[in-house]
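Colleague: show me how the following folds:
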Amino acid sequence: MKTKALLLFVILFALATPTFAQGPGAQTASPLDLRPVAAVIGMAIASGLCGLAQGRATAGASEAMGRNPAASAAIRFALILGLVLIESLALYTLVIVFLRT
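Modeller: Residues are numbered from 1 along each chain as shown. Below is the predicted model:
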């Protein structure tokens, strides 16, 4: 696990090195604008993580309702509130993508 995290850090640092090398107000020599690509990648990461979080929340709520059926109304309310907050992350990311591109 540590090896994967280190490899991810090295790759991200290597990709960010040209950004660090530019001076203030410097223009890139390439006419290629990568902001839409970065926005799409950011949206994909946010959506994927939201999907994972929603799956874990639903699984946890189902297990909790199975263990304590008397508290299913409170668990269901907490689940819906949690799912709304998780989904708002994807919506905020979508808004930021539209504003930045």
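Colleague: where does the protein dip in pLDDT?
Modeller: Applying pLDDT under 70 to the chain flags residues 14-31.
Colleague: next secondary structure after the helix ranked longest in it?
Modeller: Scanning the chain for the helix with the most residues, using DSSP state H, yields helix 35-67. Next helix or strand after helix 35-67 toward the C-terminus (DSSP states H and E): helix 72-100.
Colleague: and Asn68, backbone torsions?
Modeller: Dihedral pair for Asn68: phi -140, psi 80, per degrees, to the nearest 10.
Colleague: residues contacting it?
Modeller: Residues near Asn68 by CB atoms under 8 Å, 6 or more residues apart in numbering: Ile75. In this view, the C-beta of every residue, glycine as well, is placed from N, C-alpha and C.
Colleague: for Ala73, give its distance to Ala64.
Modeller: 12 Å (CB to CB, to the nearest Å).
Colleague: now Ile11
Modeller: Distance from Ile11 to Ala64, by CB to CB: 38 Å.
Colleague: quick one, which of these two is more surrounded?
Modeller: Ala64 (17 against 10; other CB atoms under 10 Å).
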